[in-house]
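A.B. asks: coords below, sequence missing:
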């Protein structure tokens, strides 16, 4: 997957070779479905959302200004679509107070403890208000840096940093009784 391949396929599509769009879909289908899944936690809905994103991409290709990478433009378009879709038809999530207590880690095999921890953290993230959840999902689960996440969310970098900080604070308060170490690994720079 290279930037040159993206540019070449976009140029072909814009020149009238609609079959070149298949290359774009082939390269980016997995990442867009994964991103959608991280927003909605439903594989079928994620695939539908990614399909809608590709439809929007095909209609908007001439709007890519080439000032940024195609992937940045693509993820910004998809993220905006996914956020709009989830505002229109929200994903059913529990509240932070619905998250169950961890079992006694001394009674568990280490693999079960890690599985419990990961599941607990993911459920807690998905129970956050959308503005915090979106920033955390892009930064931690989709490995975007703050600038990429801000671009995808069409927000200033400072706003994304603030949302990451506030989201981590909420998680820290909710999950501090479960974990001695931080629940999310890296901090934004």
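C.D. replies: Received it, and whenever you're ready, just let me know what you need. Values in this document were obtained by computation on a predicted structure and should not be read as measured data.

A.B. asks: Only C-alpha atoms from now on, for both contacts and neighbour counts.
C.D. replies: Will do.

A.B. asks: Contact partners for residue 23?
C.D. replies: residue 9 (Cα atoms under 8 Å, 6 or more residues apart in numbering).

A.B. asks: tell me which element it is part of?
C.D. replies: Counting by DSSP states H and E, the element that carries residue 23 is helix 21-40.

A.B. asks: List the buried residues of that helix.
C.D. replies: 21, 23-25, 28-29, 32-40 (16 or more other Cα atoms under 10 Å).

A.B. asks: Tell me how the protein divides into domains.
C.D. replies: 3-88, 96-175 (automatic domain parsing).

A.B. asks: Mind putting those domains into TSV with mean pLDDT?
C.D. replies: Below are these laid out as TSV (pLDDT from 0 to 100):
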stretch	mean pLDDT
domain 3-88	91
domain 96-175	77
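
A.B. asks: what's the neighbour count on residue 45?
C.D. replies: When neighbours are defined as other Cα atoms under 10 Å, residue 45 has 15 of them.

A.B. asks: Going by distance to residue 144, which of the buried residues of helix 21-40 wins?
C.D. replies: residue 35 (11.0 Å; Cα to Cα).

A.B. asks: now the closest one, nearest residue through space, not along the chain?
C.D. replies: residue 142 (6.9 Å; Cα to Cα, 6 or more residues apart in numbering).

A.B. asks: again with residue 81
C.D. replies: What sits nearest to residue 81 in space, not counting adjacent residues and going by Cα to Cα, 6+ apart, is residue 53, at 6.8 Å.

A.B. asks: so is the one you found in a helix, a strand, or just coil?
C.D. replies: Counting by DSSP: H, G, I helix; E, B strand; the rest coil, the backbone at residue 53 sits in helix.

A.B. asks: which ones are touching it?
C.D. replies: Residue 53 touches 77, 78, 81, counting by Cα under 8 Å, 6+ apart.

A.B. asks: Likewise for residue 7?
C.D. replies: Residue 7 makes contact with residue 70, according to Cα under 8 Å, 6+ apart.

A.B. asks: Distance of it relative to residue 153?
C.D. replies: According to Cα to Cα, to the nearest Å, residue 7 and residue 153 sit 23 Å apart.
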